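Peer 1: Make a model of this:
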Amino acid sequence: MKPFYFGKSSMLFSVMAMALIYSLTGCGNNTHNQQQEGTVDTAGALVDITALTKIADTTLTDKKISVLVQDSLTSKNETIYIQVTDQDGNPATDAQLDYNVVMDMGMMSHGGPYYPLVNLGNGLYKAEVVFIMANMKDMGKGWVLNTILNKTDSLSFLLPVSEAKYARTIPVGTKDDGRVFVSLLLPNEVKTGSQPIDFTLHRMEHEVFPPLDNYTVEIEPFMPDMGHGSPDNKAAVGKSNGRYSGIVNFTMKGPWTIKVNLFKKGEKVSQEELVFPVEVK
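Peer 2: Predicted structure coming up:
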């Protein structure tokens, strides 16, 4: 996949605040999957680059920039890796990198929630992005990753974002913060038993989607086929920067749902109950 190259510029890309469409049939940009050899051992974390899929790359005069993902990108909270090397494939340890994401729908565009870039060392960077919708067929370029290298080179990469199999990011109206995007950080399939359950919360504020703190995410796992829930669940409480963590208990295998409501100062503030499907194996 060839990126869009905008030449020398230190300006960030502006984002237009537009009305968002939430129930969509996703269509990703077709991209040939490739793999990047090598591993990166960082302080406290091991990232096996050979297990990642390269979805885009480009070469500058003295640098090569690659965009890698764990599998594929869907409409949920996702992790993207950006690797910067020299022309011989050696890590570029002196690179300065910044980024943002934009959904280009042709006649209009909007942003989405994303966290600051994390420098993992050895030329590898981690970006955490919440794709609040999938790409749409015949409507603009879709999701675009904009990067700025060393404050001078501006590069854009098309991202193939398809519809998630199970809903993992759902918008909901709230009493005080308007529309809030609730992301469940749980795989489609999990094992039985008690386990951590994590969420991120972001509110929609014009061109940006800041993380939202000071909430409690109440959860209620339920097994529709059997007509029962489970004991020993704990609401997800704030860990700062829009992150929440709790405990969920799946007592048997089969299809479950997790019913979610947002509370603030002991009062329910979400305008409707959210439902996340989960397959327990």
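
Peer 1: hey, let's count contacts and neighbours off CA atoms from now on
Peer 2: Noted.

Peer 1: Please look at Gly254 and Val280 and confirm they touch.
Peer 2: Yes: taking contacts as CA atoms under 8 Å, Gly254 lies within contact range of Val280: 5.1 Å.

Peer 1: Tell me who's in contact with Val280.
Peer 2: Residues near Val280 by CA atoms under 8 Å, 6 or more residues apart in numbering: Glu189, Val190, Lys191, Thr192, Phe250, Met252, Lys253, Gly254, Pro255, Trp256.

Peer 1: Distance of the second one relative to Ile148?
Peer 2: Which is Val190. Per CA to CA, to the nearest Å, Val190 is found 37 Å from Ile148.

Peer 1: More neighbours: which of those two?
Peer 2: Just comparing Val190 and Ile148: by other CA atoms under 10 Å the higher neighbour count belongs to Ile148, 21 against 14.

Peer 1: Could you check which helix or strand contains the residue lying closest to that one once chain neighbours are set aside?
Peer 2: Using CA to CA, 6 or more residues apart in numbering and skipping residues adjacent in sequence, the residue nearest Ile148 is Ser154, 4.5 Å away. Using DSSP states H and E, the secondary-structure element containing Ser154 is strand 153-158.

Peer 1: roughly how far apart are Phe276 and Gly173?
Peer 2: For Phe276, the distance to Gly173 - CA to CA - is 17 Å.

Peer 1: what do you get for Val217?
Peer 2: Distance from Val217 to Gly173, by CA to CA: 14 Å.

Peer 1: So the two - more neighbours on which side?
Peer 2: Val217 (24 against 15).

Peer 1: helix, strand or coil for the more buried one?
Peer 2: strand (DSSP: H, G, I helix; E, B strand; the rest coil).

Peer 1: quick one: contacts of stretch 58-76?
Peer 2: 2-3, 51-57, 79-87, 89, 92, 130-134, 159-164, 167-169, 183.

Peer 1: Try it again at 7 Å.
Peer 2: 2-3, 52-57, 79-87, 130-134, 160-164, 168-169, 183 (CA atoms under 7 Å, 6 or more residues apart in numbering).

Peer 1: List the buried residues of that stretch.
Peer 2: By neighbour count on 16 or more other CA atoms under 10 Å, the buried set for stretch 58-76 is 58, 63-70, 72-76.

Peer 1: Strands - which of these land there?
Peer 2: Among these, the members found in strands (DSSP state E) are Thr58, Lys64, Ile65, Ser66, Val67, Leu68, Val69, Leu73, Thr74.

Peer 1: Now render the residues you listed as JSON lines, adding pLDDT.
Peer 2: What follows is those, written out as JSON lines (pLDDT from 0 to 100):
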{"residue": "Thr58", "pLDDT": "94"}
{"residue": "Lys64", "pLDDT": "94"}
{"residue": "Ile65", "pLDDT": "96"}
{"residue": "Ser66", "pLDDT": "96"}
{"residue": "Val67", "pLDDT": "98"}
{"residue": "Leu68", "pLDDT": "97"}
{"residue": "Val69", "pLDDT": "97"}
{"residue": "Leu73", "pLDDT": "97"}
{"residue": "Thr74", "pLDDT": "97"}
